[in-house]
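# I would like to see how this sequence folds:
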Amino acid sequence: MYRAWKKLAAVLVCAIPCIVCAQDQGPGPAPASHFIDDQLSAWMHFHITERIRGEYIAGEGFQSITDRYLLNLLQLNMKLQPVSWLSFAFQAQDARVFGQNTRPAPTSQKDAINLSVGYIQLGGDELPVTLTAGRQNLDFGDGRLVSDQEWSNVGLSFDAARLTLRRASLKLDLFSGVSVKVNPLGFDLPTPGEHFDGAYGSLGGLVPNASIEPYLFWHLEHNWWNAARNSGKLDEKTIGLRWTGKLPLGLDYTSEIAGQTGSAAGDRIAAWMGHWEAGETLLNAPHVLRLFVEYNRASGDANPHDGVQATFDPLFENPHGEYGLTDLFASSNLAHLCSGFQYRLRPGLTLSAAYNRYWLATSHDGLYVQGVIVAQSLNGAAGANVGSEPDVEARWRISRSTQLTAGYGHLFPGEFLHRTTDGFPYNLIFLNVTEQF
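Prediction:
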């Protein structure tokens, strides 16, 4: 299978310049093959994405450790659409990391040439019914619980079937599948023993200039370990509602609340999370300026031995930017307050800045960094103040095909980190360049 895929990727690479050459031929009598190329170009589409990002980290693990490395992501994309209601999509992806201290490289950064997308779609965006089956990305709402995680150098795909129903301003997605487990040394396969199903709705028109989005996610997994290190089966349901809209005078708002129930290795699940954001775009400003404030909270577990799992499970959330640019935290035992602005200097160039404060939702639970507990105190004696983080970021679309993003985040450790770790500040500087052909 792996060798076959390498041959397919090579064919795609060779085919792209041939098609480009065929389309660039000047005027004059067209050869017989040119008519075939013209017909193929009407339903065959190719494009390449190349992304290079340099990152510098200081204070890794809140210790006096630094790291610097270069991430490279190459994606070869092909879409075949012989008729309006039938299409096929493929994406070959190669993710590499150079110069990193960690050996072997994390699976979020390295995955040799592989198939990240490969599906058949019956229907289309304008049709009332669409069925998509195969390897695909799942991304709902603003990605707080289910996201394709495209900022990650590898991303996240699902082997799934997805049925989309549309009528006027109403939309319902029904899906069933399993996440794809990254294998840097071979072909990526579905995660063993996992099932992920759900329904995500979008109700437009019920409230002026607003969208109400109810959802249900069902996560099943065998060989699960709970907080007390007991093994068993995970049977978790996440029920939530997202409400986003616009108000007069340039005001906007977003609210999302989700609760989790079910069982985890014999423990009862009772957890929740919430996100609330309000913003204002200054209409009379010489440049587009948006001010915002947001608050996030995800429950924690005060007692891992009481038979109740109260720490919220972030599922497949977007790992970038939801809780600051350093990407340290997840929707588990966290309270987060953020305020900031986005300032568009001119079309294609936006500057943004934010100030973040973090606390543990319960001081008797630990701190989760990228979904894994990294610090914990006995009986909550270390307090709940995790720290504060200012961020700055610039986004510049240099041309239709080139975009540059640069950012800096600095986490000042609070009382909790000083008492449970070495307490070094965490710094992240990155420069990201994306080119599309």
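
# how about residue 417, phi and psi?
phi -70, psi -30 (degrees, to the nearest 10).

# need the contact list for it.
By C-beta atoms under 8 Å, 6 or more residues apart in numbering, residue 417 lies in contact with 62, 367, 375, 386, 387, 423. From N, CA and C alone the C-beta is placed, and that goes for glycine too.

# would you turn the residues you listed into a markdown table with distance to residue 302 and neighbour count?
Formatted as a markdown table, the contacts of residue 417 follow (distance: C-beta to C-beta, whole Å; neighbours: other C-beta atoms under 10 Å):
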| residue | distance to residue 302 | neighbour count |
| --- | --- | --- |
| 62 | 23 | 23 |
| 367 | 14 | 28 |
| 375 | 16 | 18 |
| 386 | 17 | 27 |
| 387 | 21 | 23 |
| 423 | 24 | 16 |
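
# tell me where the protein is predicted with low confidence.
1-40, 226-229, 370-371 (pLDDT under 70).

# can you report how many residues neighbour residue 192?
A count of nearby residues for residue 192, using other C-beta atoms under 10 Å, gives 10.

# tell me if it really is in a strand.
No - assessed with DSSP: H, G, I helix; E, B strand; the rest coil, residue 192 is coil; it does not lie in a strand.

# and the residue nearest the centre of the chain, what is it in contact with?
The chain has residue 149 as the residue nearest its centroid, 2.4 Å off, counting by C-alpha atoms, centre = their mean. Contact partners of residue 149, counting by C-beta under 8 Å, 6+ apart, are 143, 155, 156, 316, 318, 319, 320.

# chain neighbours aside, what residue packs nearest to it?
Of all residues not flanking residue 149 in the chain, residue 156 sits nearest, at 4.3 Å (C-beta to C-beta, 6 or more residues apart in numbering).

# do residue 117 as well
Counting by C-beta to C-beta, 6+ apart, the residue nearest residue 117 is residue 91, at 3.6 Å.

# what are the buried residues along the helix or strand harbouring that neighbour?
Under the criterion of DSSP states H and E, residue 91 resides in strand 86-98. Residues of strand 86-98 classed as buried: 87, 89, 90, 91, 92, 93, 94, 95, 96, 97 (neighbour count, 16 or more other C-beta atoms under 10 Å).

# just the CA coordinates for stretch 73-89, please, in CSV.
Extracted in CSV, the C-alpha atoms of stretch 73-89 (Å, rounded to 0.1, in the frame of the first residue of the first chain):
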residue,chain,number,x,y,z
LEU,A,73,4.7,21.2,4.7
LEU,A,74,4.1,20.2,1.0
GLN,A,75,0.6,19.4,-0.3
LEU,A,76,-0.3,18.2,-3.8
ASN,A,77,-4.0,18.6,-4.4
MET,A,78,-6.1,17.1,-7.2
LYS,A,79,-9.8,17.4,-7.8
LEU,A,80,-11.7,15.6,-10.5
GLN,A,81,-15.3,16.7,-11.3
PRO,A,82,-16.6,15.1,-14.4
VAL,A,83,-20.2,16.3,-13.7
SER,A,84,-21.6,18.9,-11.4
TRP,A,85,-22.9,16.4,-8.9
LEU,A,86,-19.9,14.1,-8.7
SER,A,87,-16.3,14.9,-7.6
PHE,A,88,-13.2,13.2,-6.3
ALA,A,89,-10.6,14.9,-4.1
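
# how far does that stretch sit from its chain's centre?
When C-alpha coordinates are averaged (C-alpha atoms, centre = their mean, to the nearest Å), stretch 73-89 and its chain have centres 22 Å apart.

# before we move on, the earlier item: pick out the most distant pair among the contacts of residue 417.
The largest separation in the contacts of residue 417, counting by C-beta to C-beta, is between 367 and 423 at 12.6 Å.

# residue 53: neighbour count?
Residue 53, neighbours per other C-beta under 10 Å, totals 18.

# what pairs with it across the strands?
Here residue 53 sits in beta bridges with residue 71, residue 432, as judged by DSSP bridges.
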